[in-house]
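Q: What follows is a predicted protein model with its sequence.
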Amino acid sequence: MEIGKIIDAIHKNRLRITDHADEEVRADKLDFDKIFFSVFQGEIIEDYPRDKPYPSCLIYGDTFAGEPVHSV
């Protein structure tokens, strides 16, 4: 998986936010702007090519306030 393709999907609004992801964002007191920013300057630290229904990865990046974020 390539970070550039993920960033492109975010810019084109071609992503699916699950109910679980929405719950986690609220529980962690984050918002999607912070998460997207962390992805834009982040890096893939783990790849999960066998995940179903689609491959996924773990991305590490910081928010604009310097807070660390891990997102899948």
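A: Looks like it came in fine.
Q: mind checking the SS state of the closest residue to Gly42 other than its chain neighbours?
A: Taking CB to CB, 6 or more residues apart in numbering as the measure, Gly42 lies nearest to Gly61, with 2.4 Å between them; neighbours along the chain are not counted. (Glycine included, C-beta is placed from N, CA and C.) Each residue gets one of three states, and Gly61 gets strand by DSSP: H, G, I helix; E, B strand; the rest coil.
Q: ok, Gly61 - contacts?
A: Contacts were defined as CB atoms under 8 Å, 6 or more residues apart in numbering; by that measure Gly61 touches Phe37, Ser38, Val39, Phe40, Gln41, Gly42, Glu43, Pro68, Val69, Ser71.
Q: just checking, the second one is part of a strand?
A: So that's Ser38. No: Ser38 is assigned helix when assessed by three-state DSSP, not a strand.
Q: From Pro53, how far off is the closest residue to it other than its chain neighbours?
A: Beyond its immediate neighbours in the sequence, the residue positioned closest to Ser38 (CB to CB, 6+ apart) is Gly61, lying 3.3 Å away. Between Gly61 and Pro53 the computed distance is 25 Å (CB to CB, to the nearest Å).
Q: Next: Gly66.
A: 34 Å.
Q: next one: phi and psi at Arg50?
A: phi -100, psi 0 (degrees, to the nearest 10).
Q: sorry, that was for Ile35
A: For Ile35, the backbone dihedrals (degrees, to the nearest 10) come out as phi -70, psi -50.
Q: ok, how many other residues are close to the closest residue to it other than its chain neighbours?
A: On the basis of CB to CB, 6+ apart, the spatially nearest residue to Ile35 that is not a chain neighbour turns out to be Ser71, at 5.4 Å. Look at Ser71: counted by other CB atoms under 10 Å, it has 20 neighbours.
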